[in-house]
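[1] Model the structure of this input:
(4 chains)
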Protein chains: 2
Amino acid sequence: MASDTRDRLIRSTSRLLRTQGYAATGLNQVMAEAQAPKGSMYFHFPGGKEELAAAAVDHFAERSTASLRRFLDDNDTVADAVVAIFDSYVDHLGRTGYTEGCAVASVALDAAASHAVLAEATGRAVRTWTGTLAAALEAEGRSAEQAHALATLVIAAIEGTLVMAKAQQSTEPIATARDALRATLAPEAAAAT
Amino acid sequence: MASDTRDRLIRSTSRLLRTQGYAATGLNQVMAEAQAPKGSMYFHFPGGKEELAAAAVDHFAERSTASLRRFLDDNDTVADAVVAIFDSYVDHLGRTGYTEGCAVASVALDAAASHAVLAEATGRAVRTWTGTLAAALEAEGRSAEQAHALATLVIAAIEGTLVMAKAQQSTEPIATARDALRATLAPEAAAAT
DNA sequence: TAGTCAATAGACCGGTCGGCATATTGCTAG
DNA sequence: CTAGCAATATGCCGACCGGTCTATTGACTA
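    Numbers count the residues shown, from 1 in each chain, chains lettered A, B, ... in the order given. Next up, the predicted model:
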């Protein structure tokens, strides 16, 4: 069995990264939240904070990619799935008081430039997201190029509205962008794009 | 005359916030870069790091808003202006090695939730951007509602692709989203949106 | 030229940071 | 039963954090 302590460390770190990024997340804070001593952490992650954070970003990426796949499966069109994703983010941000955002975005902005290991993790995550979404768009009949472009735009809109929501402490930008995107993604608009 | 030291402090802080966010930016680092002693800093910003950062975010917001206005003035259509903005960001990120991003985004993600003063500054910035862009879109004949929705989408795309670019250490997402947005913003597409 | 005060300069503080060394636990194999 | 080792549990370290303190500078005024 995978160590329970190791999982708790990753989950706590992932949550903290989502709310405050890499630099602001202290190891002592992680240990307190995960109810684990530092020794355990350096046993499971000899690379220290950097390795733990990379694992947490990977964990977040897996969870969010799985969630993305679920949304795509549960909806008839990609447009519907994207709308549902935006709605779920509105709900989540509202419930957490605009604190819990995206671990990939937070780490990308404050640590990717100076920590190659973290840049690799954030890069993997973004590539997986766009790839997954682009595949779904291709399955709807769009060309590979169009699918990639639209997928990039959608992911950017998600990350961007997240930034705006935290900046304004309001979910209004997310809802607004959702409506603007719905038209762009409508299957019948495929030819026009 | 406004103190030269004060300006240097704000500019250095703004630059550091763009590259690494609030938490990762140490006051000692700011002092070293601005070539100023701590005493001067606490004279000009009695509120300490938080007040200095808020001033730096405001400074960044002013500069970027002025730049946005210039792009809108220098181009015939909003679509052209947006394309030019994306291109300029591609250039800037490439030249700085994917380090210098957006101060508003970095601060919003890692500090806005826990520092009300900073949340106010980031909120002001985002509102100004969307307002400026929406006004330009209205001047092109779009309804107030449509203009606001499109403006939100464009700002989100900028911030989002910035996140993706830093995450992937590549400017490809910016260029891709630019092309996807160009069609959406084409004036003749106004009726279709 | 003496007085005044905005502004600069840097030493210093308690606290916290990430990281490491050193037990100690508890399961498992022989 | 016990030897061995994965895993847990602390205590401590030097470095650096943001913040405060007391001088000192330098330009302008009376």
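
[2] Show me the residue of chain A that gets nearest to DNA strand D, please.
    Among the residues of chain A, A:G39 lies nearest to DNA strand D; the distance is 2.2 Å by C-beta to the nearest atom of the strand. For every residue, glycine as well, the C-beta is placed using N, CA and C.

[3] How much space separates A:Y22 from chain B?
    8 Å (C-beta to the nearest C-beta, to the nearest Å).

[4] Quick check: residues of chain A near DNA strand D?
    Contact residues (C-beta under 7 Å from any atom of the strand) of chain A with DNA strand D: A:3-6, A:36-40, A:42-44.

[5] phi, psi of the residue nearest in space to the middle of chain A?
    When C-alpha atoms, centre = their mean is applied to chain A, the residue found nearest the centroid is A:C102 (4.5 Å). Dihedral pair for A:C102: phi -110, psi 120, per degrees, to the nearest 10.

[6] likewise A:T25?
    According to degrees, to the nearest 10, A:T25 has phi -90, psi 110.

[7] Name the nearest residue to it, ignoring sequence neighbours.
    A:L16 (4.4 Å; C-beta to C-beta, 6 or more residues apart in numbering or on different chains).

[8] ranges for the helices of chain A?
    All helices of chain A, identified by DSSP state H, fall at A:4-20, A:27-34, A:38-44, A:49-74, A:78-95, A:103-110, A:116-139, A:144-168, A:172-185.

[9] Need the CA coordinates for the third one. PDB is fine.
    This means helix A:38-44. Extracted C-alpha coordinates of helix A:38-44, given in PDB (Å, rounded to 0.1, in the frame of the first residue of the first chain):
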ATOM      1  CA  LYS A  38       9.300  16.800   8.900                       C
ATOM      2  CA  GLY A  39      11.300  13.600   9.000                       C
ATOM      3  CA  SER A  40       8.500  11.700   7.200                       C
ATOM      4  CA  MET A  41       8.400  14.400   4.500                       C
ATOM      5  CA  TYR A  42      12.200  14.200   3.800                       C
ATOM      6  CA  PHE A  43      11.900  10.400   3.800                       C
ATOM      7  CA  HIS A  44       9.200  10.400   1.100                       C
END
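
[10] Would you mark the buried spots in that helix?
    A:40-41, A:44 (16 or more other C-beta atoms under 10 Å in any protein chain shown).

[11] what about it, distance to the chain center?
    How far helix A:38-44 lies from its chain's middle: 26 Å, per C-alpha atoms, centre = their mean, to the nearest Å.

[12] What of the fifth one?
    Taking the mean of its C-alpha atoms, helix A:78-95 sits 13 Å from the chain's own mean (C-alpha atoms, centre = their mean).

[13] that older thread, contacts with DNA strand C among the residues of chain A next to DNA strand D, please.
    Counting by C-beta under 7 Å from any atom of the strand, the members of the residues of chain A next to DNA strand D near DNA strand C are A:38-39, A:42.

[14] Which residue is the nearest non-sequential neighbour of A:L137?
    A:A147 (3.7 Å).

[15] and A:A103, how many residues sit next to it?
    By other C-beta atoms under 10 Å in any protein chain shown, 29 other residues sit near A:A103.

[16] didn't it look like it was pressed against A:A56?
    Yes: using C-beta atoms under 8 Å, A:A103 makes contact with A:A56 at a distance of 6.6 Å.

[17] Now do the shared contacts for those two.
    A:14, A:17 (C-beta atoms under 8 Å, 6 or more residues apart in numbering or on different chains).

[18] Spell out which residues of chain A are next to DNA strand C.
    A:25-29, A:38-39, A:42, A:48-50.

[19] cutoff 10 Å now
    For chain A, the residues in contact with DNA strand C (C-beta under 10 Å from any atom of the strand) are A:1, A:16, A:22-32, A:37-43, A:45-53.

[20] Low-confidence stretches in chain A?
    Residue ranges of chain A with pLDDT under 70: A:1-2, A:187-193.

[21] Repeat the analysis, applying 90 as the threshold.
    A:1-4, A:183, A:186-193 (pLDDT under 90).

[22] Now do the same contact list for A:Y22.
    A:53, A:106-107, A:110-111, A:115, A:118, B:24.
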